[in-house]
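In: After the sequence you'll find the predicted model.
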Amino acid sequence: MSEPLYRPWGTVTPEFWGAPAPGAAAAPSGLAPETLRARLVKVAEVARTGHLPDAAALAARLDQDVTAEYGELHLHTVQVREVRGYLAALAGDHPSGLSWYLHAAQLRVTIQGPRHPDVEAATRRAYSLWRAMPTETDRQRLGADLLTIAGDIHGPDSQIVRRIRERLYALALPSAASAQLNSA
């Protein structure tokens, strides 16, 4: 009678690999796409009622859960972070909203590549938010951040980078003209 052969790793079972046994249903993930959608709908409902701080808190909690479940470089994470940017902009915190949008665009380019239409759309959302900012915010500094990131994503001669550059020049020109008038 031969002795059993004991491998150094022990007996490999489906549980060892974290896979369900053949014929068994897979265990549901902690944050299934349906759950994610339902929670995003809840964030939108709370925001629609005008309770933006509550909606932002729900979105922040969802961001933590999605990041823990799927990781930083996943489209679900990107979508939740874009929602956080939108909520910040709705609340009047345009610098934070733009920061979230730029962050999401950078994640998208890493996940989807610079030529993907969603990356272009994310950059346009950031540009549109920047253009809609009230003049009292630090538009030139934020525009410089937008220009740098858009240039990194789309290249220095892309149409969106040229538009951002033109807008930044237009913002700088009135300041230069008034400085010349004040010094004369």
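Out: Yep, it's here. Residues are numbered from 1 along each chain as shown.
In: what helix or strand is residue 64 on?
Out: Taking DSSP states H and E as the criterion, residue 64 maps to helix 52-70.
In: For the helix or strand just after that helix, could you pull out the residues that count as buried?
Out: Using DSSP H and E, the helix or strand that directly follows helix 52-70 along the chain is helix 75-90. Residues of helix 75-90 classed as buried by neighbour count (16 or more other CB atoms under 10 Å): 76-89. For the C-beta atoms, the positions are set from N, CA and C on the backbone; glycine is no exception.
In: Likewise for stretch 33-49?
Out: Neighbour-count burial for stretch 33-49, counted by 16+ other CB under 10 Å, picks out 36, 39, 40, 43, 44, 46, 47.
In: again, but for stretch 104-123
Out: Going by 16+ other CB under 10 Å, stretch 104-123 has these buried residues: 104, 105, 106, 107, 108, 109, 111, 118, 119, 120, 122, 123.
In: for stretch 158-169, same thing?
Out: Those would be 158, 160, 161, 164, 167, 168, for stretch 158-169 by 16+ other CB under 10 Å.
In: I figured the first one hits residue 150, correct?
Out: Read it as residue 158. Yes: between residue 158 and residue 150 there is a contact at 7.4 Å, judged by CB atoms under 8 Å.
In: circling back: now do the helix holding residue 64 and helix 75-90, the angle between them.
Out: If you take axes from the mean of the first three to the mean of the last three CA atoms, to 10 degrees, helix 52-70 sits at 170 degrees to helix 75-90.
In: now for helix 52-70, which elements pack on it?
Out: Using 3 or more CB pairs under 8 Å, 6 or more residues apart in numbering; DSSP states H and E, the elements in contact with helix 52-70 are helix 33-48, helix 75-90.
In: 10 Å - rerun?
Out: helix 33-48, helix 75-90, helix 94-112 (3 or more CB pairs under 10 Å, 6 or more residues apart in numbering; DSSP states H and E).
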